[in-house]
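Undergrad: the amino acid sequence is not available; the structure is as follows:
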């Protein structure tokens with residue numbers, strides 16, 4: 001896959017939308033979902049997509065219908081929205097701490113097949129007490145830090161220790177291991193952890209890894225049985241840069257209007273930090289998104305409502321009132337900024353969908 005946008009031509013997008021607007025091409029979404037599921041199946045790996053990218057039950061259902069085994073949610077609020085919409089096989093990949101979350105998890109466990117992840121005795125014991133009292137059971141994946149230095153136990157021995165504890169606690173069932181992302185040392189680390197856990201007499205039924213940037217190499221690690229990829233369904237500028245999703249397969253775009261041309265080289269869009277994310281570019285080009293119609297332009301700064309663009313390198317420059325198309329740096333963060341998305345097929349609007357799990361941060 002080419003990581004370079006080349007000389008992109010704006011796709012057919014809906015006309016007449018008030019801006020700023022988040023638009024989704026459903027044909028591309030379906031194509032991405034089908035391709036990822038087929039690739040996972042070819043390599044014998046289960047696909048459990050991360051819904052934080054889109055936060056839309058309709059797209060989660062598309063992914064499952066395409067072949068995903070279930071979904072991944074980052075927060076309980078997302079899981080509650082998805083379960084209410086009929087998605088019933090859910091992994092919660094963020095550690096749940098506190099009685100309030102344990103109570104909500106227990107309530108959700110009575111309606112869906114759930115698994116959680118954690119890296120400490122405190123998480124495991126806190127969930128166990130509530131789950132056992134309510135009389136429900138959830139799976140538990142021990143999260144492993146295989147080099148990313150975020151959450152996760154620090155050694156294979158610590159993974160086995162926590163696995164033993166989890167298996168002994170009522171309300172929890174040890175299901176396996178989880179890590180993010182897949183790095184150079186991930187395979188040997190996981191192999192050592194699997195061997196240590198099995199030496200304690202426990203089975204490792206699942207090893208879950210992520211995400212989109214490393215999806216196409218995860219099959220090279222025989223330890224990995226499941227992949228949690230999310231951004232692939234939309235694509236973004238980071239995906240273009242790392243080669244996981246080419247520009248033509250980026251389903252999510254932001255439509256913005258040029259509202260000012262203060263100088264011959266500078267323009268202002270009606271899309272600032274409340275529309276686009278502040279995530280840095282990963283392709284070395286800087287800025288806050290790729291403007292399809294003016295690929296040489298640099299969206300160099302964001303105020304709350306203003307997008308500051310340098311058009312100096314562009315042979316042609318827009319007039320006030322022109323609508324442009326932006327591929328954001330990070331689709332997941334962009335999604336969470338919008339109440340609704342305009343979904344279309346070939347430029348024809350087929351719906352305005354509320355972003356049902358938007359803002360579900362608890």
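TA: Done, it's in. This one's a predicted model, so the numbers in the text were calculated from it and none came from an experiment.

Undergrad: alpha carbons only for contacts and neighbour counts from here, please
TA: OK.

Undergrad: so where do the helices sit in the stretch 51-200 of the chain?
TA: Here the stretch 51-200 of the chain has its helices, by DSSP state H, counting those that start in this stretch, at 57-66, 76-84, 99-109, 121-134, 156-168, 186-199.

Undergrad: look up how far residue 138 lies from residue 106.
TA: For residue 106, the distance to residue 138 equals 9 Å [C-alpha to C-alpha, to the nearest Å].

Undergrad: hang on, the earlier thing: with mean pLDDT and mean neighbour count as extra columns, can I get the helices of the stretch 51-200 of the chain in JSON lines?
TA: As requested, these are exported to JSON lines (pLDDT from 0 to 100; neighbours: other C-alpha atoms under 10 Å):
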{"stretch": "helix 57-66", "mean pLDDT": "98", "mean neighbour count": "19"}
{"stretch": "helix 76-84", "mean pLDDT": "98", "mean neighbour count": "21"}
{"stretch": "helix 99-109", "mean pLDDT": "98", "mean neighbour count": "18"}
{"stretch": "helix 121-134", "mean pLDDT": "98", "mean neighbour count": "18"}
{"stretch": "helix 156-168", "mean pLDDT": "98", "mean neighbour count": "20"}
{"stretch": "helix 186-199", "mean pLDDT": "98", "mean neighbour count": "18"}
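
Undergrad: got a markdown table for those, with distance to residue 334 too?
TA: Rendered in a markdown table, the data for these read as follows (distance: least, C-alpha to C-alpha, whole Å):
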| stretch | distance to residue 334 |
| --- | --- |
| helix 57-66 | 16 |
| helix 76-84 | 16 |
| helix 99-109 | 26 |
| helix 121-134 | 30 |
| helix 156-168 | 35 |
| helix 186-199 | 30 |
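
Undergrad: for residue 316, find the nearest of those.
TA: If you check each of the helices of the stretch 51-200 of the chain against residue 316 by C-alpha to C-alpha, helix 57-66 wins as the nearest, at 37.3 Å.

Undergrad: how near is residue 198 to residue 128?
TA: Relative to residue 128, residue 198 is positioned 23 Å away (criterion: C-alpha to C-alpha).

Undergrad: again with residue 114
TA: The span separating residue 114 from residue 128 equals 14 Å under the rule C-alpha to C-alpha.

Undergrad: do residue 297 as well
TA: From residue 297 to residue 128 the distance is 54 Å (C-alpha to C-alpha).

Undergrad: over to residue 160?
TA: Where residue 128 is concerned, residue 160 sits at a distance of 18 Å (C-alpha to C-alpha).

Undergrad: where does residue 263 fall, secondary structure wise?
TA: Following DSSP states H and E, there is no helix or strand that holds residue 263.

Undergrad: number of nearby residues for residue 38?
TA: Taking other C-alpha atoms under 10 Å as the criterion, the count of residues near residue 38 is 17.

Undergrad: and the longest helix seen in the chain, which residues are buried?
TA: Looking only at the chain and at elements set by DSSP state H, the helix with the highest residue count is helix 26-42. Residues of helix 26-42 classed as buried under the neighbour-count rule (16 or more other C-alpha atoms under 10 Å) are 26, 28-30, 32-40.

Undergrad: TSV for those, including distance to residue 330 and pLDDT?
TA: Output for the buried residues of helix 26-42, formatted as TSV (distance: C-alpha to C-alpha, whole Å; pLDDT from 0 to 100):
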residue	distance to residue 330	pLDDT
26	19	97
28	17	98
29	16	98
30	20	98
32	17	98
33	18	98
34	22	98
35	21	97
36	19	97
37	22	98
38	25	98
39	23	97
40	23	97
